[in-house]
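*Asks:* I'll drop the sequence and a predicted model, then ask my questions.
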Amino acid sequence: MKSIFLGPPGAGKGTLAVKAVEILNVPHISTGAIFRSAIAAKSPLGLKVKAIIDSGKLVDDETTIELVKERLTEDDAKNGYILDGFPRTIPQAEALDTFSKVDKVFNFDIPDDAVVERLSGRRVCRNCGANYHVTFNKAKQEGICDSCGGELYTREDDKEEAIKKRLVVYREQTAPLIDYYRQKGLLTDVDARPDVDEVVINFKKALNLD
Ligand code: AP5
Ligand code: MG
């Protein structure tokens, strides 16, 4: 299945994608994670996008589209993928239509106050990118990743000002994709408000797998 995870920052797209990979047996492709790896590696792409991402704005469409177009040519994505965080603008969605045919779009529905709570408590592994939360999804040992032992840190864009900016950007540039895909008959809503286990159940229902 070729699918898109759509939803505001902090909806839990990345967290669910880790579980969905096992259910659907397809790769999880997160543009945000690709950008963060590039930033960590101080590659030309990373140097170009660091300030933009830290402030909560979007990377330009041309750079992002090119990145995804190339990633989708890799063997593991031939029969399916989960695109997490792409497309994020109408031009990105229109471009994607020209190089891949998406089967389903899952729209993760959650109010702003819950998003702020999730993002302000998020901790991310510097080494493998795994997501934790200081209240909802604690690491066994504080500050250390359960799966690889890496150091946990707070993303620069999870600071208050950047969270506010990301929500504005989401509303202005990304939320119009809900109607774009609904009109194409591809959209399924998933209630992202409950705890992770229940969101997994809601996701399976949306897949008709329950
Ligand atoms: P990206 O990395 O995609 O960030 P985002 O969309 O803002 O989404 P997040 O990763 O913040 O949230 P999430 O929904 O994955 O939530 P998570 O599972 O972590 O993008 C970062 C930046 O890169 C963008 O701002 C932009 O600059 C750039 N970029 C990326 N793609 C781009 C594009 N296409 N075009 C242009 N620019 C692009 O969960 C959040 C927290 O909540 C965690 O702590 C988690 O443990 C917790 N949690 C998750 N689920 C639950 C639950 N059910 N109950 C309780 N807690 C939960
Ligand atoms: Mg994410």
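*Replies:* Great, that's in hand. Ligands and ions are numbered 1, 2, ... in the order given.

*Asks:* output stretch 160-180 as CSV, nothing but the C-alphas.
*Replies:* Taking Å, rounded to 0.1, in the frame of the first residue of the first chain, the C-alpha atoms of stretch 160-180 are listed here in CSV:
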residue,chain,number,x,y,z
GLU,A,160,7.3,27.2,22.2
GLU,A,161,7.8,29.8,19.5
ALA,A,162,8.5,27.2,16.8
ILE,A,163,5.5,25.1,17.9
LYS,A,164,3.2,28.1,17.4
LYS,A,165,4.8,28.8,14.0
ARG,A,166,4.4,25.2,12.9
LEU,A,167,0.7,25.2,13.8
VAL,A,168,0.1,28.4,11.7
VAL,A,169,2.1,26.9,8.8
TYR,A,170,0.1,23.7,9.1
ARG,A,171,-3.3,25.6,9.0
GLU,A,172,-2.3,27.8,6.1
GLN,A,173,-0.3,25.4,3.9
THR,A,174,-1.0,21.8,4.9
ALA,A,175,-4.6,21.6,6.0
PRO,A,176,-5.9,22.4,2.5
LEU,A,177,-4.6,18.9,1.6
ILE,A,178,-7.5,17.4,3.6
ASP,A,179,-10.0,18.6,1.0
TYR,A,180,-7.6,17.9,-1.9
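
*Asks:* quick one: average pLDDT of it?
*Replies:* Stretch 160-180 comes out with an average pLDDT of 96.

*Asks:* all strands for this protein, in order.
*Replies:* Assigned by DSSP state E, the chain shows strands spanning 2-6, 28-30, 81-84, 104-109, 122-125, 131-133, 152-153, 187-191.

*Asks:* need the contact list for the closest residue to ligand 1 within the chain.
*Replies:* Using CB to the nearest ligand atom, the closest approach of the chain to ligand 1 is made by residue 32 at 1.8 Å. (Each C-beta comes from the backbone N, C-alpha and C, glycine too.) Counting by CB atoms under 8 Å, 6 or more residues apart in numbering, residue 32 makes contact with 14, 53, 84, 85.

*Asks:* again, only using 6 Å
*Replies:* By CB atoms under 6 Å, 6 or more residues apart in numbering, the residues touching residue 32 are residue 85.

*Asks:* what do you get for residue 116?
*Replies:* By CB under 6 Å, 6+ apart, no residues touch residue 116.

*Asks:* try 7 Å this time
*Replies:* When contacts are counted by CB atoms under 7 Å, 6 or more residues apart in numbering, residue 116 touches residue 163.

*Asks:* so what's it scoring on pLDDT?
*Replies:* pLDDT, residue 116: 94.

*Asks:* what parts of the protein come near ligand 1?
*Replies:* Applying CB under 6 Å from any ligand atom, we find that the chain lies next to ligand 1 at 7, 9-15, 30-32, 35, 52-53, 56-59, 64, 85-88, 92, 118-119, 121-122, 131-133, 136-137, 157, 166, 195-196, 199.

*Asks:* ChimeraX command to pick out the buried ones of those?
*Replies:* In ChimeraX syntax, the buried subset of these is picked out as below (16 or more other CB atoms under 10 Å):
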select :7,9,10,11,12,13,14,15,30,31,32,35,53,56,57,58,59,64,85,86,87,88,92,118,119,121,122,131,132,133,137,157,166,199
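
*Asks:* of the residues of the chain next to ligand 1, which belong to helices?
*Replies:* 13-15, 31-32, 35, 52-53, 64, 92, 118-119, 166, 196, 199 (DSSP state H).
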